[in-house]
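**Q** Structure for this input, please:
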Amino acid sequence: MQVGVMAFKAGRRPALHRRFGLSVSGADALGFGKAALGKTFPAVFLLGNINNLHARYRSDDASQTWIRIDDNQHQFGNANVPTIIGDPRIYGRVYFTTGGRGVIYGEINGGPAFGKK
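**A** The predicted model follows:
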């Protein structure tokens, strides 16, 4: 069951810019997870482009800032049907599909934030 998973098509980018900021230029998959401690909005997970860099990201503040949650050495292939979703019970845990390598999950390890400070 994939509750809260969405996919955006290329024709929807103007709406994507209005909701997720001008730095987000594309989304292959979008999912939600448990909110950070003290937050009411769920964590948002994005597989897409921010500042022209295609990667996996997390936002804890309703998409005002983004934290890259992967790196260049860990791209895990491209999924035919990309899916990314946060765990509804464990803050910061994310699950995503891969190109024939199953489902991978990751947890918070820190990293630089993109967007407003």
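
**Q** Show me the shaky parts of this structure.
**A** Scanning the chain for pLDDT under 70 picks out the ranges 1-22, 77, 110-117.

**Q** how about the helices in it?
**A** Along the chain, counting by DSSP state H, helices occupy 13-20.

**Q** show me what contacts the spatially most central residue of it?
**A** The centroid of the chain falls nearest to Leu46 when counting by C-alpha atoms, centre = their mean (1.9 Å). Going by C-beta atoms under 8 Å, 6 or more residues apart in numbering, Leu46 touches Phe20, Val24, Ala27, Ala29, Leu30, Arg56, Tyr57, Arg58, Ser59, Trp66, Ile84. (Each C-beta comes from the backbone N, C-alpha and C, glycine too.)

**Q** where's it relative to Gly26, distance?
**A** Relative to Gly26, Leu46 is positioned 10 Å away (C-beta to C-beta, to the nearest Å).

**Q** For whichever strand in the chain runs longest, name the packing helices and strands.
**A** The longest strand of the chain (DSSP state E) is strand 24-33. If you count contacts as 3 or more C-beta pairs under 8 Å, 6 or more residues apart in numbering; DSSP states H and E, strand 24-33 packs onto helix 13-20, strand 43-50, strand 84-86, strand 94-97.

**Q** any idea which of the contacts of Leu46 is the one closest to Gly102?
**A** Top of the list for closeness to Gly102, among the contacts of Leu46 and by C-beta to C-beta, is Ile84 at 14.3 Å.

**Q** OK, contacts around the closest one?
**A** By C-beta under 8 Å, 6+ apart, the residues touching Ile84 are Val5, Ala29, Leu30, Gly31, Phe45, Leu46, Leu47, Arg56, Val94, Tyr95, Phe96, Thr97.

**Q** Test of understanding: give the bridge partners of it.
**A** Per DSSP bridges, the residues bridged to Ile84 are Phe96.
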